[in-house]
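Undergrad: One predicted model, sequence on top.
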Amino acid sequence: MAGRIEDYALIGDMQTAALVCRDGTVDWLCLPRFDSHAIFAGLLGTEEHGFWRLGPACADRQNSPAADRRHYDGDSLILCSEWDTLQGTVHVKDFMPPRDGAPQLIRIVEGVTGRVPMRSALRMRFSYGRVVPWVHKHEGRTVAVAGPDSVWFDTEAETYGKSLTTYADFTVAPGDRIAFTISWEPSHKRPPALPEPEQSLEATENFWREWVEQCTYHGPYREAVIRSLITLKALTYAPTGGIVAAPTTSLPEDVGGVRNWDYRYTWLRDAAITLSSLLRTGYREEARAWREWLLRAVAGDPENLQIMYGIAGERELGEAELDWLPGYEESAPVRVGNGAAHQLQLDVYGEVTEALHLAHMTGLARNDYASLLQLKLIRYLEDHWQEPDEGIWEVRGPRRHFVHSKVMAWVAVDRTIKLIESGDADGPLERWRELRDDIHRDVCEKGYDKERNTFTQSYGSQELDASLLLIPQMGFLPPDDKRVIGTIEAIQRELSTSDGFILRYPTEGQAEGVDGLPGDEGAFLACSFWMADDLAMIGRVDEARKLFEKLLALRNDLGLLAEEWDPRRKRQVGNFPQAFSHVPLIDTALRLQHALALAEAA
């Protein structure tokens, strides 16, 4: 059985990623890309669907001990796990070197004290656990082949096969170092080069050290910010600049329920806000690469802008269910692909335009086509901003006039006006100023409940929505506007959990919620960070700080966050780790630093 979601560590090479449990089991790995079929899918099923366990020798998973200590090696994505056993202490380093050839997952075992019996148990299953590969020896190396894929297993330890699993039993004494590597290669090609684990370890250490040195944030929450930045970097797809929302699929928002989605794609919204956080902390190269990815993905066709694309810009992301996988803790169905790709979500135009605006303001080299794209997006919005859409939360019920979508349409127009005013683009300035005013007036008239002094989820609705917290952050209204303060306080009253975290919108006790789905969900972590932001903006800085530090305490021992927090089960839920949680963590840390500095100066 898989561990709790927060029991996992992330390792990756900026093209794919693996999840490693506390007991040393790799339960999730897709090769060669984030969105490829998994060769270890035990996370969504059982050990029959693939895993790789490396740790002190034991009979089976139930008896497999969790590491007594684990951490990342400094500011890197190299996982260090240490076990204390009756026989002694052993240390394991797990990492995926930034790719220069075949993708690799390397595990180095080192004896610390005593003589510790160890076991590696490797069960490769291709196509999300459905296909048992042909495992055989080739020139002294172990290779697993099925269809277009081959995975090569290299180690100096002696191996043997049993029950369709490859084992290695060995003992380590102080100073002993034994490496294990798997490498992927298309099955029709020559074998990948023999791995060089120690050189790869050094190269990986150097890569992360040099990358982290570029960070410009040196505030009081630097440890949390750096870990979040490293996580966001790990979710970028280096060949194209695309950014995945998470490296997993179908980790449930409601354990045992149907709210299970595939997040291994590039949402324009998630990628845009990720880009913004990277830019604010000194990372311009990632911004340039994402802008180039965006221009290729949209390819001059903003009228048919999708809310998400494949990591290389693919448009077709058809959704399917894998009925042979029982799902994480029986949370079915397991889905691959995402049917929301062709939804209309007008807020995306605002998020993309805001990201392009921030890139422009922070001095990223001008790109004329990026400016042309921005103008095309506004021309589209001129004709479509008054339409209902599915909104930021991708509801699968009827379309509505979501207030957040209208606000972000306003943002798109506002930032484009500023681009024209700066002299870096030409457009119908007066007409678009009128458009900006029209959208603003429409929202304030139709999306605001005067009696309750709060904006609402959609026009004519009584429901609240945590996305309304972005109204002051986007500059739609100033923080001290009574309507903003009323909205913040209403959300605190009506969307807070018992422990003070924020729900996206009401779902509890509804057979079918406003999103068109049955079941409940946890507190959406991004929304709780947004609340902390707003509290800081309206002067309640101490309250904002306390909420932020409560959120930091939800991170696992390695500083990672999933999408949501289940207040009933007191555990993380949703795909993991989640960019949409780590981005607002960074943003709130930056905002609090500014707010605390102002408070001290006063």
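TA: Received, thanks.
Undergrad: How far off centre is the longest helix seen in the chain?
TA: Longest helix in the chain, counting residues (DSSP state H): helix 579-601. Distance of helix 579-601 from the chain centroid (C-alpha atoms, centre = their mean, to the nearest Å) equals 20 Å.
Undergrad: packing partners for it?
TA: With contacts taken as 3 or more C-beta pairs under 8 Å, 6 or more residues apart in numbering; DSSP states H and E, helix 579-601 sits against helix 222-234, helix 268-280, helix 525-537, helix 541-552. Bear in mind the C-beta positions are built from the backbone N, C-alpha and C, glycine included.
Undergrad: ok, residue 438 to residue 406 distance?
TA: Distance of residue 438 to residue 406, given as C-beta to C-beta, to the nearest Å: 11 Å.
Undergrad: Tell me the spatial nearest neighbour of residue 219, not counting adjacent residues.
TA: Excluding its sequence neighbours, the residue lying closest to residue 219 (C-beta to C-beta, 6 or more residues apart in numbering) is residue 593, at 3.9 Å.
Undergrad: Where does pLDDT dip in the stretch 451-600 of the chain?
TA: Scanning the stretch 451-600 of the chain for pLDDT under 70 picks out 507-520.
Undergrad: cool, and the stretch 1-150 of the chain?
TA: 59.
Undergrad: Any idea how many residues pack against the residue nearest to residue 219?
TA: A total of 18 residues lie near residue 593 under the criterion other C-beta atoms under 10 Å.
Undergrad: got a list of what it touches?
TA: The contact partners of residue 593, taken as C-beta atoms under 8 Å, 6 or more residues apart in numbering, are 217, 219, 220, 221.
Undergrad: what's the distance between it and residue 586?
TA: Distance from residue 593 to residue 586, by C-beta to C-beta: 11 Å.
Undergrad: Could you pull out the residues contacting both of these two?
TA: Shared contacts of residue 593 and residue 586, defined by C-beta under 8 Å, 6+ apart, comprise residue 217.
Undergrad: residue contacts, the closest residue to residue 150 other than its chain neighbours?
TA: Take residue 150 and drop its neighbours on the chain: the residue closest to it by C-beta to C-beta, 6+ apart is residue 187, 4.1 Å away. Contacts for residue 187 (C-beta under 8 Å, 6+ apart) come out as 145, 146, 147, 148, 149, 150.
Undergrad: now those residues as CSV including secondary structure?
TA: Converted to CSV, those look like this (DSSP: H, G, I helix; E, B strand; the rest coil):
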residue, secondary structure
145, strand
146, strand
147, coil
148, coil
149, strand
150, strand
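Undergrad: Neighbour-wise, give me the winner out of those.
TA: residue 150 (23 neighbours).
Undergrad: So that residue sits against residue 184, correct?
TA: Yes: contact criterion C-beta atoms under 8 Å: residue 150 and residue 184 qualify, at 7.2 Å.
Undergrad: what separates the residue nearest to residue 150 from residue 589, distance-wise?
TA: Taking C-beta to C-beta, one finds residue 187 at 46 Å from residue 589.
Undergrad: One more: residue 183?
TA: Residue 183 is 38 Å from residue 589, where distance means C-beta to C-beta.
Undergrad: tell me which element residue 135 is part of?
TA: Using DSSP states H and E, residue 135 sits within strand 134-138.
Undergrad: Can you spell out which helices and strands pack onto that strand?
TA: The contact analysis (3+ C-beta pairs under 8 Å, 6+ apart) places strand 134-138 against strand 141-146.
Undergrad: between the strand it packs on and strand 134-138, how big is the angle?
TA: 150 degrees (axes from the mean of the first three to the mean of the last three C-alpha atoms, to 10 degrees).
Undergrad: Report the buried residues of the host helix or strand of residue 472.
TA: Per DSSP H and E, residue 472 falls inside helix 470-473. Neighbour counts over helix 470-473 (16 or more other C-beta atoms under 10 Å) mark 470, 471, 472 as buried.
Undergrad: The first one: what's it in contact with?
TA: By C-beta under 8 Å, 6+ apart, the contact set of residue 470 is 404, 407, 408, 530.
Undergrad: mind listing which of the residues you listed are in strands?
TA: Among the contacts of residue 470, no member is found in strands (DSSP state E).
Undergrad: Same list (those residues) but as JSON lines, adding neighbour count.
TA: Output for the contacts of residue 470, formatted as JSON lines (neighbours: other C-beta atoms under 10 Å):
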{"residue": "404", "neighbour count": "27"}
{"residue": "407", "neighbour count": "25"}
{"residue": "408", "neighbour count": "31"}
{"residue": "530", "neighbour count": "24"}
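Undergrad: ok, so of these, who is nearest residue 201?
TA: Nearest to residue 201 among those: residue 530, at 39.1 Å, using C-beta to C-beta.
Undergrad: Could you export the helix holding residue 472 as CSV, CA atoms only?
TA: Extracted in CSV, the C-alpha atoms of helix 470-473 (Å, rounded to 0.1, in the frame of the first residue of the first chain):
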residue,chain,number,x,y,z
LEU,A,470,-7.4,38.4,-5.8
ILE,A,471,-9.4,41.6,-6.4
PRO,A,472,-7.0,43.9,-4.5
GLN,A,473,-3.9,41.9,-5.5
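Undergrad: In which helix or strand does residue 22 reside?
TA: Assigned by DSSP H and E, residue 22 belongs to no helix or strand.
Undergrad: quick one, phi psi at the closest residue to residue 204 other than its chain neighbours?
TA: Distances taken as C-beta to C-beta, 6+ apart place residue 97 nearest to residue 204, at 4.7 Å, with adjacent residues excluded. The phi and psi values for residue 97, taken as degrees, to the nearest 10, are phi -70, psi 140.
Undergrad: thought residue 97 was touching residue 197?
TA: No: between residue 97 and residue 197 there is no contact under C-beta under 8 Å: 9.1 Å.
Undergrad: what residues are shared contacts of the two?
TA: Residues touching both residue 97 and residue 197 by C-beta under 8 Å, 6+ apart: residue 106.
Undergrad: which residues of this structure fall in helices?
TA: 126-129, 197-212, 222-234, 268-280, 284-298, 347-361, 368-384, 403-421, 429-446, 470-473, 482-494, 525-537, 541-552, 579-601.
Undergrad: Is it possible to get JSON lines of those helices that adds distance to residue 504?
TA: Shown next, in JSON lines, are the helices of the chain (distance: least, C-beta to C-beta, whole Å):
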{"stretch": "helix 126-129", "distance to residue 504": "29"}
{"stretch": "helix 197-212", "distance to residue 504": "32"}
{"stretch": "helix 222-234", "distance to residue 504": "21"}
{"stretch": "helix 268-280", "distance to residue 504": "14"}
{"stretch": "helix 284-298", "distance to residue 504": "26"}
{"stretch": "helix 347-361", "distance to residue 504": "14"}
{"stretch": "helix 368-384", "distance to residue 504": "24"}
{"stretch": "helix 403-421", "distance to residue 504": "11"}
{"stretch": "helix 429-446", "distance to residue 504": "19"}
{"stretch": "helix 470-473", "distance to residue 504": "12"}
{"stretch": "helix 482-494", "distance to residue 504": "10"}
{"stretch": "helix 525-537", "distance to residue 504": "6"}
{"stretch": "helix 541-552", "distance to residue 504": "15"}
{"stretch": "helix 579-601", "distance to residue 504": "11"}
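Undergrad: closest to residue 69 out of the ones you listed?
TA: Smallest distance to residue 69 across those (C-beta to C-beta): 17.1 Å, for helix 222-234.
Undergrad: how about the closest one: buried residues?
TA: Buried residues in helix 222-234, counted by 16+ other C-beta under 10 Å: 224, 225, 226, 227, 228, 229, 230, 231, 232, 233, 234.
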